[in-house]
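Participant: Based on what follows, work out the 3D shape:
(2 chains)
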Amino acid sequence: MSVNIYKEIILEHWKNPHNYGRIPRPARPSLKLVQGRVLNPSCGDEIEMTVLLSGSRINKFDSGEIKEIKFQGRGCVISRASASLLTDYIKGKDLKKIANLKKEFIIKLLGVPISISRLKCALLPLEALKQIINDKKS
Amino acid sequence: MNLKRYLKDFPLLAKAKTLIYLDSAASSLKPAVVIEKIKEYYEQYGVNIFRGIYKISEKATQEYEKTREAVARFINGRPEEVIFTRNTTESLNLLAYSLVYNQLKPGDEIAVSIMEHHANFVPWQQLALKRGARLKIIDIDDNGYLKTPEKSITKKTKVLALTYVSNVLGTINPIKEIIKRAKKINPGTITIIDGAQAVPHLKVDVRDLGCDFLAFSSHKMLGPTGVGILWGRKEALDELSPFNYGGEMIKEVYPDRTIFEDIPYKFEAGTPDIAGVIAFRAAIEYLEKVGMEKIRNHEMELTGYALKRLTEEFKSELKVFGPKNTKDRGGVIAFAFQDFHGHDIAQILADENICVRAGHHCAMPLHQRLGLASSARASFYLYNDENDVEKLIKGLKKVRKILG
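Facilitator: Below you'll find the predicted structure:
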């Protein structure tokens, strides 16, 4: 049964999400603020991610350390817990790392069985992160 | 209404005795007679209709046409006014593109309401955008009633497209009155009614309503999926040009021109969902046998019971949208429960084998108007009873326990 998706740890991340909010525009030119925003059309949920980058080639955005990351928006337990866990994981890592993150990784990160109908909720934060890379390319 | 009599007719309920199905507004369960009829067609005369000069094709054609007659009888229309489509959405798109598209001039107006399902909203919005027409949106008040719809009707109103019953608020709109007032302001306004949530639950009489068109779906009224209906007043249908071109819809084809069939056939190009249409008659006959008035009364009582019990149990923790008076609402209860997300509510209920829907129910403009991203929705039909409501309440208590 899928009720065990509402494990204590998941509920904790939902009630007190880590890295919740929005990073203000930085004053120092060596830091770059990028953001991504996605909508889940099946329920109208929305997640916005802001990422603060530092590094030598940040102007090209192809790499750079994620100094700080925050998310905000509205969503269910799963999408919010996923965002909380994902932002914890990616903080301090290189932006390049995002491209390699797959569906399976998120499911493992959540550590609970995710049914097909909830997959979109679980993956929404990752999609928002990937949006940042896509924007960088365009 | 003796429910026990009906429960045994629905294999999904008879077999899985623990299933609490509260999602009939999305799609109803099907009684055994409908399933049997599908089997009968495939086993006994499962061939194409029209022009087959052999017995089983003639039988299939007869059965197919009998459904048209049954639909006409059910809504008090005429058989030649009944067009089979795939679903309500297709019926409405057919109207948008065959009837309205070419008539619409820049500056014309289309009136819809904020409570429309996307099927009766997006086609009109897109048409207005493409043709430079104006989309006027009738608002609702705090109780989920339409706010002075006649104010959105002017001499320029080409189309008034309205839902009879809201799939979220449950509001039963006073369609007859609205049409009367709209036609008084502008007799040329084409009136199109989305009956997807109405025809399965209320006695709908198209002559009494005075509408030009009515669209609805078989699968929400005990019938198979894949079958939609577009009913149109004969004079109004004659104005329509075909939407799909191809087989079954022509009289004569020459290299340089084609003479189309008469209504309703000119709108039914290609081989339709024959099995679905044929089995739909079994659904209509089932509903007729039970009686639409009985179904309406049962749902009204059950909705009243649910509203009362939900308030008793959860007070201000749970907010139900739409009219308080059950006379004005169908068996649809959309609600917000504390600040829990609809998906989480539905998921925890699903583990108790309770089927509800969560999301925006294809009514995003309405949810924006209500200031919500999503809601949870329980909806009733003739096979639901007070026990289902109590199970729902028990399930919601569990939601509160887990998420609270």
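Participant: contacting residues for whatever residue of the stretch 301-404 of chain B ends up closest to chain A?
Facilitator: Per C-beta to the nearest C-beta, B:His341 is where the stretch 301-404 of chain B lies closest to chain A, at 3.6 Å. Where C-beta positions appear, they are placed from N, C-alpha and C, glycine not excepted. Residues counted as contacts of B:His341 (C-beta atoms under 8 Å, 6 or more residues apart in numbering or on different chains) are A:43, A:45, A:75-77, B:358, B:374.
Participant: Could you pull out the buried residues of the longest helix along chain A?
Facilitator: Ranked by residue count under DSSP state H, the longest helix found in chain A is helix A:116-137. Within helix A:116-137, the residues scored as buried using 16 or more other C-beta atoms under 10 Å in any protein chain shown are A:118, A:120-133.
Participant: how about residue 77, what does it touch?
Facilitator: All of this is about chain A. By C-beta under 8 Å, 6+ apart, the residues touching A:Val77 are A:6, A:10-11, A:14, B:341, B:343-344, B:403.
Participant: oops, I was thinking of chain B
Facilitator: Contact partners of B:Gly77, counting by C-beta under 8 Å, 6+ apart, are B:71, B:206-207, B:231.
Participant: which stretches of chain A form helices?
Facilitator: According to DSSP H, the helices that chain A contains are A:8-15, A:77-90, A:103-110, A:116-137.
Participant: what is the orientation angle of the first one with helix A:77-90?
Facilitator: Here the directions of helix A:8-15 and helix A:77-90 differ by 90 degrees (axes from the mean of the first three to the mean of the last three C-alpha atoms, to 10 degrees).
Participant: Check the last one too.
Facilitator: Comparing the axes of helix A:116-137 and helix A:77-90 via the same axes, to 10 degrees yields an angle of 40 degrees.
Participant: so what pLDDT did A:Val34 get?
Facilitator: Confidence at A:Val34, expressed as pLDDT, is 83.
Participant: from what I can see it touches A:Val51, true?
Facilitator: Yes - with contacts counted by C-beta atoms under 8 Å, A:Val34 reaches A:Val51, the gap being 5.1 Å.
Participant: Which one of those two is surrounded by more residues?
Facilitator: Counting neighbours by other C-beta atoms under 10 Å in any protein chain shown for A:Val34 and for A:Val51 shows that A:Val51 has the greater number, 25 against 20.
Participant: Could you give the bridge partners of that one?
Facilitator: On the basis of DSSP bridges, A:Val51 is bridged to A:Val34, A:Ile69.
Participant: Return the residues in contact with it.
Facilitator: A:23, A:33-36, A:66, A:68-69, A:95, A:129, A:132.
Participant: rerun at 7 Å
Facilitator: A:Val51 makes contact with A:34-35, A:66, A:69, A:132, according to C-beta atoms under 7 Å, 6 or more residues apart in numbering or on different chains.
Participant: quick one: which of these is nearest chain B?
Facilitator: A:Gln35 (20.0 Å).
Participant: Please tell me how far the closest residue to the closest one other than its chain neighbours sits from B:Ala279.
Facilitator: Among residues not flanking A:Gln35 along the chain, A:Thr50 sits closest, at 4.6 Å (C-beta to C-beta, 6 or more residues apart in numbering or on different chains). As for A:Thr50, its distance to B:Ala279 is 54 Å (criterion: C-beta to C-beta, to the nearest Å).
Participant: now swap in B:Phe260 and tell me
Facilitator: 28 Å.
Participant: The two: who's more crowded?
Facilitator: Taking neighbours as other C-beta under 10 Å, B:Phe260 and B:Ala279 compare with B:Ala279 leading, 27 against 17.
Participant: Which positions in the stretch 201-350 of chain B make contact with chain A?
Facilitator: Selection of the stretch 201-350 of chain B residues close to chain A by C-beta under 7 Å from any C-beta of the partner chain yields B:341-344, B:347-348.
Participant: try 8 Å
Facilitator: Near chain A, the residues belonging to the stretch 201-350 of chain B are B:341-344, B:347-348, B:350 when assessed by C-beta under 8 Å from any C-beta of the partner chain.
Participant: Just these: which are in helices?
Facilitator: Those of these lying in helices (DSSP H): B:342-344, B:347-348, B:350.
Participant: residue ranges with poor pLDDT in the chain?
Facilitator: Going with chain A. Along chain A, segments meeting pLDDT under 70 span A:1-3, A:55-63, A:135-138.
Participant: Let me rephrase: I mean chain B.
Facilitator: B:1-4.
Participant: Would you map out the domains in it?
Facilitator: Per automatic domain parsing, the structural domains of chain B span B:3-27+B:291-403, B:34-288.
Participant: Need these in TSV (columns: distance to A:Ala27).
Facilitator: Below are these laid out as TSV (distance: least, C-beta to C-beta, whole Å):
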stretch	distance to A:Ala27
domain B:3-27+B:291-403	34
domain B:34-288	43
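Participant: Now do the SS call for the residue with the shortest distance to the centre of chain B.
Facilitator: Nearest to the mean C-alpha position of chain B, counting by C-alpha atoms, centre = their mean, stands B:Ala196 at 0.8 Å. Put simply, B:Ala196 is coil when judged by DSSP: H, G, I helix; E, B strand; the rest coil.
Participant: Quick check, it in contact with B:His117.
Facilitator: Yes - under the criterion of C-beta under 8 Å, B:Ala196 makes contact with B:His117 at 6.9 Å.
Participant: which residues do these two both contact?
Facilitator: By C-beta under 8 Å, 6+ apart, B:Ala196 and B:His117 have these common neighbours: B:163, B:167.
Participant: quick one: contacts for the closest residue to B:Ile402 other than its chain neighbours?
Facilitator: Excluding the flanking residues, the one nearest B:Ile402 by C-beta to C-beta, 6+ apart is A:Tyr6, at 5.1 Å. Contact analysis of A:Tyr6 by C-beta under 8 Å, 6+ apart lists A:77, A:112, B:344, B:348, B:402-403.
Participant: for these, which one is nearest B:Tyr381?
Facilitator: The shortest approach to B:Tyr381 among the contacts of A:Tyr6 belongs to B:Ile348, at 23.1 Å (C-beta to C-beta).
Participant: Could you report the neighbour count for that closest one?
Facilitator: Neighbours of B:Ile348 (other C-beta under 10 Å): 24.
Participant: Give me the contact list for the helix or strand containing B:Ala128.
Facilitator: Assigned by DSSP states H and E, B:Ala128 falls within helix B:122-131. Residues outside helix B:122-131 that contact it (C-beta under 8 Å, 6+ apart) are B:92-93, B:96-97, B:100-101, B:104-106, B:108, B:110, B:112, B:133-135, B:159, B:161.
Participant: Against which helices or strands is the helix or strand just after that helix packed?
Facilitator: Counting by DSSP H and E, the element after helix B:122-131 in chain order, helix or strand, is strand B:134-138. In terms of contacts (3 or more C-beta pairs under 8 Å, 6 or more residues apart in numbering or on different chains; DSSP states H and E), strand B:134-138 is packed against strand B:109-113, helix B:122-131.
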